[in-house]
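**Q** requesting a structural model of the entry that follows:
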Amino acid sequence: MVKTQELWDALASVMDPEVPVLSVLDLGVIRAIRHESNRIEVDISPTYTGCPAMDVISSQVREALLSFGDVNIVTVLDPPWTTDWISAEGRNKLEAYGIAPPVGRAHDKRSLWAPVPSVRCPRCKSASTKLISHFGSTACKALYQCLDCQEPFDYFKCL
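**A** Reported below is the predicted structural model:
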């Protein structure tokens, strides 16, 4: 009989294709796992509607669990995923990889005219940074530049 922990352990090796240092567990997109006999159901929340990585993630989750039984992936949209669900370890991994982790909490809604968050440079740790573009290498990131080391870097937007 499969233990639930074995399923969670298997998912720890499934990496986000856009940020390959984050597992789907670090990212917080796995909502629940249910299993009975050889049937496994996994609830996944996309990081945002239309995220192109979700098809790849669903496929990789299915593949990681297939040896345990039949796998059914269920997309869960409510409540919507937020960056609050990224684990503390995931935030540390982002920064070590060179991407500034989200600042603040998702429930602290910001308008388009609100001040840009103060984002620390993931390389030199300086707080002296500026927003270059609201649009970074993917839709969930913005582009910043450190005013001390002059390096550009991605910031994982607080969503």
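**Q** center of this protein, which residue is that?
**A** Taking C-alpha atoms, centre = their mean as the criterion, Leu27 is the residue nearest the geometric centre of the chain, at 3.4 Å.
**Q** run a quick neighbour tally on Val3.
**A** To be clear, residue 3 is Lys; Val isn't right here. Lys3 has 10 neighbouring residues, counting by other C-beta atoms under 10 Å. For the C-beta atoms, the positions are set from N, CA and C on the backbone; glycine is no exception.
**Q** how is the chain divided into domains?
**A** 4-75, 98-156 (automatic domain parsing).
**Q** so which of those domains is nearest Asp84?
**A** Nearest of the domains of the chain to Asp84, taken as C-beta to C-beta: domain 98-156 at 4.8 Å.
**Q** quick one: contacts for Leu25?
**A** By C-beta atoms under 8 Å, 6 or more residues apart in numbering, Leu25 lies in contact with 8, 11-12, 87.
**Q** thinking again about what came up before, which of the domains of the chain sits closest to Trp81?
**A** Checking the domains of the chain against Trp81 by C-beta to C-beta gives domain 4-75 as the closest, at 4.1 Å.
**Q** can you give me the first-to-last residue distance of the closest one?
**A** End-to-end distance of domain 4-75: 20 Å, with C-alpha to C-alpha, to the nearest Å as the criterion.
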